[in-house]
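Undergrad: Prediction below, plus the sequence it came from.
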Amino acid sequence: MHETPAAMRFLTVQEVADTMRVSSMTVYRMVHAGEIPAIRFGRSFRIPESAMEQLVGHVGNWEINQAG
């Protein structure tokens with residue numbers, strides 16, 4: 001389901017990092033690797049809230065690797 005442009009909400013890299021409890025550099029790496037879509041506004045990126053929700057929703061499908 002696609003949202004209309006007026007209904008879309010965009011998050012900053014820092015907001016995504018805080019939500020995911022990772023560093024902002026990790027989010028920048030994900031953006032540059034194409035793992036999460038982003039729109040560039042000037043020198044900053046904005047990430048659609050729906051993209052972050054979709055990414056977090058896939059966490060349940062990821063395999064958890066144990067160290068050691």
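TA: Thanks, I have the structure now.

Undergrad: Would you map the helices across this protein?
TA: 13-20, 24-33, 49-57 (DSSP state H).

Undergrad: Can you list the buried residues in the first one?
TA: Of the residues in helix 13-20, those scored as buried under the neighbour-count criterion (16 or more other C-beta atoms under 10 Å) are 13, 15-17, 20. (Glycine included, C-beta is placed from N, CA and C.)

Undergrad: now swap in the second one and tell me
TA: When burial is assessed from 16+ other C-beta under 10 Å, helix 24-33 yields the following buried residues: 27, 30-31.

Undergrad: Also the last one?
TA: Within helix 49-57, the residues that qualify as buried are 49-52, 55, counting by 16+ other C-beta under 10 Å.

Undergrad: So which residue is smack in the middle of the protein?
TA: In the chain, the residue lying closest to the centroid (C-alpha atoms, centre = their mean) is residue 52, at 4.0 Å.

Undergrad: And the pLDDT at the closest residue in space to it that isn't next to it in sequence?
TA: Closest residue in space to residue 52, ignoring its immediate chain neighbours: residue 16 at 5.3 Å, by C-beta to C-beta, 6 or more residues apart in numbering. On pLDDT, residue 16 comes in at 95.

Undergrad: mind checking the longest strand of the chain?
TA: strand 44-48 (DSSP state E).

Undergrad: thinking again about what came up before, so can I have JSON lines of the buried residues of helix 49-57 showing distance to residue 8?
TA: JSON lines is the format used below for those (distance: C-beta to C-beta, whole Å):
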{"residue": "49", "distance to residue 8": "8"}
{"residue": "50", "distance to residue 8": "7"}
{"residue": "51", "distance to residue 8": "10"}
{"residue": "52", "distance to residue 8": "12"}
{"residue": "55", "distance to residue 8": "16"}
